[in-house]
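K.L.:
next input, structure requested:
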Amino acid sequence: QRSMSDPEQAEKLLERSISQRLQLSKHNDPELDKTLKKIDRLHDVVVKNKPLSKSEKDELESKKKKKEGKISMARKQPVMKQPTYRLKIGTERLLMTVHCDLPKGLKGVDLDLSEDNLILAMPGHLNLNVDLPKSVDPDRAEAKFSKKSKELRISMPLTLKG
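P.N.:
I've put the predicted structure just below:
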């Protein structure tokens with residue numbers, strides 16, 4: 001058993017092992033030679049604490065900037081919020097209260113109401129699609145937004161079906 005504390009001895013053993021197993025010499029294979037040089041350089045920087053050359057620093061800076069660019073691009077993608085709501089069933093109407101942070105009020109909000117379904121689209125939020133438990137009169141429905149409580153209240157009168 002040999003000691004691996006000496007990097008030169010370790011490299012020679014590695015070269016011998018590679019040559020025997022792959023029948024190669026590092027000087028005959030440019031890719032292997034290049035890889036071994038990178039390993040040597042990493043060893044010098046990490047173990048021997050040798051400083052990086054200017055070109056190595058520039059290469060690292062370039063890679064770092066590319067990585068930061070990719071991260072900032074990912075951050076620019078909007079995060080869509082899931083709207084939360086409460087639905088109260090009264091004797092004369094359904095009252096839906098939707099909590100939503102809309103800094104511009106109702107600008108860009110689209111409410112589609114039918115007798116048995118409500119679809120609400122808001123900027124920065126996932127669409128809300130709710131099947132209503134009772135039939136409503138969409139022509140008499142009203143919606144109000146409170147900036148203070150950040151809630152959209154939708155009042156939907158029930159239809160009188162006999």
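
K.L.:
shaky segments in this protein?
P.N.:
Within the chain, the segments meeting pLDDT under 70 span 1-5, 19, 21-28, 69-78, 103, 161-162.

K.L.:
would you map the helices across it?
P.N.:
When secondary structure is read from DSSP state H, the chain shows helices at 7-22, 30-46, 54-75.

K.L.:
can you lay out those as CSV showing distance to residue 139?
P.N.:
Backbone N, C-alpha and C define where each C-beta goes, glycine included. Formatted as CSV, the entries for these read as follows, by distance: least, Cβ to Cβ, whole Å:
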stretch, distance to residue 139
helix 7-22, 81
helix 30-46, 74
helix 54-75, 44
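
K.L.:
now tabulate those in JSON lines and tack on mean neighbour count.
P.N.:
Shown next, in JSON lines, are the helices of the chain (neighbours: other Cβ atoms under 10 Å):
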{"stretch": "helix 7-22", "mean neighbour count": "12"}
{"stretch": "helix 30-46", "mean neighbour count": "12"}
{"stretch": "helix 54-75", "mean neighbour count": "10"}
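
K.L.:
can you tell me which of those comes nearest to residue 160?
P.N.:
Residue 160 lies closest, by Cβ to Cβ, to one member of those: helix 54-75, at 52.2 Å.
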